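*Asks:* Would you be able to build a 3D model of this:
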Amino acid sequence: MDTKDLIERIYPPYADEIREAVAVADCHCREAFARLGRQPEETTSLEDCALLYLLIRHFGCRNVFESGTFVGTSAIVMDEAVKKNGGHVLTCDVADNRALPKRIKFVHAPGHQAIKLANKVDFAFFDWTPNLRAIVRLWLKSSRHVILATHDFCFLYTGKGDVTVRRLREFFDRRGHWFLPEGAPYTMPDSMQINKCTAFFVPHRLLAAV
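*Replies:* Numbering: from 1, shown residues only. All right, here's what the predicted structure looks like:
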């Protein structure tokens with residue numbers, strides 16, 4: 001099963017939810033930059049937001065950890081998903097742009113420090129390259145069937161997402177499969193586009209039920 005096949009299989013039940021959640025994230029992003037008095041800059045794309053929402057909802061994730069908040073576009077869309085599953089998001093960054101609502105727990109710290117405050121993580125999203133301490137602490141804090149995702153995977157050896165995947169493959173011992181954004185974005189039958197540059201890992205046990 002390749003990346004497009006997986007997404008097409010799990011997308012249909014969540015199509016309407018995804019459109020609504022992506023609209024919320026888009027609105028938040030625009031308002032956040034306006035409050036900061038800055039022109040919109042590159043952040044998690046709406047296609048990547050749609051993917052994050054889909055993965056969290058379909059696999060029933062409840063404890064989400066994010067490293068690399070920026071203005072919170074991905075944190076918002078993941079919160080929209082995890083609320084429906086009865087869970088929460090913890091996100092962290094070395095810069096505090098004060099862009100998130102209070103219901104989302106923000107930690108003003110690097111990932112290797114913030115992960116210590118997380119509950120049993122079942123979904124981790126990296127928009128910042130983790131160091132070895134962060135990976136080891138995530139391994140200790142995560143469930144056996146944690147899903148991993150990283151932004152900015154561009155099929156370059158030195159790319160931020162590419163380095164993250166390489167480090168996780170080497171130091172994060174879990175059995176599963178990495179899905180890379182080959183050919184992304186993927187256009188669904190209703191014209192919604194999913195994924196742009198996010199690579200993600202799904203444990204074998206979860207894939208067996210797809």
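
*Asks:* Looks like residue 25 contacts residue 71 (just checking).
*Replies:* No - checked against Cβ atoms under 8 Å, the pair residue 25 and residue 71 is beyond contact range at 10.4 Å. Every C-beta, even on glycine, is put in place using the N, C-alpha and C of the backbone.

*Asks:* Helices of the chain, residue ranges please.
*Replies:* Assigned by DSSP state H, the helices in the chain fall at 3-10, 15-35, 46-58, 73-84, 111-114, 132-141, 160-171, 204-207.

*Asks:* Same list (those) but as JSON lines, adding mean pLDDT and mean neighbour count.
*Replies:* Formatted as JSON lines, the helices of the chain follow (pLDDT from 0 to 100; neighbours: other Cβ atoms under 10 Å):
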{"stretch": "helix 3-10", "mean pLDDT": "98", "mean neighbour count": "17"}
{"stretch": "helix 15-35", "mean pLDDT": "95", "mean neighbour count": "17"}
{"stretch": "helix 46-58", "mean pLDDT": "98", "mean neighbour count": "26"}
{"stretch": "helix 73-84", "mean pLDDT": "98", "mean neighbour count": "25"}
{"stretch": "helix 111-114", "mean pLDDT": "97", "mean neighbour count": "21"}
{"stretch": "helix 132-141", "mean pLDDT": "96", "mean neighbour count": "17"}
{"stretch": "helix 160-171", "mean pLDDT": "96", "mean neighbour count": "18"}
{"stretch": "helix 204-207", "mean pLDDT": "96", "mean neighbour count": "14"}
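
*Asks:* out of these, nearest to residue 198?
*Replies:* Nearest to residue 198, of all the helices of the chain, is helix 46-58, at 4.7 Å by Cβ to Cβ.

*Asks:* For the closest one, give me every contacting residue.
*Replies:* Helix 46-58 is contacted by residues 7, 10-11, 13-14, 17-18, 21-22, 25-26, 44, 61, 64, 73-74, 77-78, 80-82, 84-85, 123, 125, 147, 149, 151, 184-185, 192-198, 200, 202 when judged by Cβ atoms under 8 Å, 6 or more residues apart in numbering.
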